[in-house]
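Visitor: Test case, fold it:
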Amino acid sequence: MSRLQEGRVMALDYGEKRIGVAISDGLGLTAQPRPFIKQSDELIKTIQQLLEENNIKEIIVGMPYNQDGKKNNKCLEIEKFMTNLTEEVSIPVTSYDERYSTVAASRQLQDLGYNQKKQRGKIDSMAAAFILQGYLDKK
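Guide: Got it, this is the predicted structure:
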């Protein structure tokens, strides 16, 4: 997707309990965290609703490779989720290396005065914003 093409990019930080969400601005320059989605049987429907409401043209899903770049069990779980999502949406779904995104998000939240307890619920979408910003910066 070129930056001149209309539409936004959405990033997902897939987790067992929560899925962090971030959406780009219309020009595809900056990522903004959005409220997380609770893991449920309605996850794909909730994502589809976000796609429609925000004119999303591409989905990026964080892939938590090991430090050596190899896949782990979590990567396999996320690949299965991506396959299911791809079958239900008509836009590209792409993985993006998310190593250290949660660490970076936690540090930024600490810098903003959030302790570990207060970070809960914010860190997932902040990590999604780090994933998305990294993706946008490489385009």
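Visitor: Just confirm Tyr65 is within a helix.
Guide: No - secondary structure of Tyr65 (DSSP: H, G, I helix; E, B strand; the rest coil): coil, not part of a helix.
Visitor: Cross-check the contact I'm expecting between it and Lys74.
Guide: No - here Tyr65 lies out of contact with Lys74, judged by Cβ atoms under 8 Å, at a distance of 9.3 Å. C-beta coordinates here come from the backbone N, C-alpha and C atoms, glycine included.
Visitor: so where do the strands sit in the chain?
Guide: Here the chain has its strands, by DSSP state E, at 8-13, 18-24, 31-38, 56-63, 93-97.
Visitor: Format those as CSV; extra columns: distance to Ile78 and mean neighbour count.
Guide: Formatted as CSV, the strands of the chain follow (distance: least, Cβ to Cβ, whole Å; neighbours: other Cβ atoms under 10 Å):
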stretch, distance to Ile78, mean neighbour count
strand 8-13, 9, 27
strand 18-24, 11, 25
strand 31-38, 15, 18
strand 56-63, 6, 21
strand 93-97, 7, 16
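Visitor: Mind putting those strands into a markdown table with mean pLDDT and distance to Asp111?
Guide: Below are these laid out as a markdown table (pLDDT from 0 to 100; distance: least, Cβ to Cβ, whole Å):
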| stretch | mean pLDDT | distance to Asp111 |
| --- | --- | --- |
| strand 8-13 | 97 | 19 |
| strand 18-24 | 96 | 18 |
| strand 31-38 | 95 | 15 |
| strand 56-63 | 97 | 21 |
| strand 93-97 | 95 | 23 |
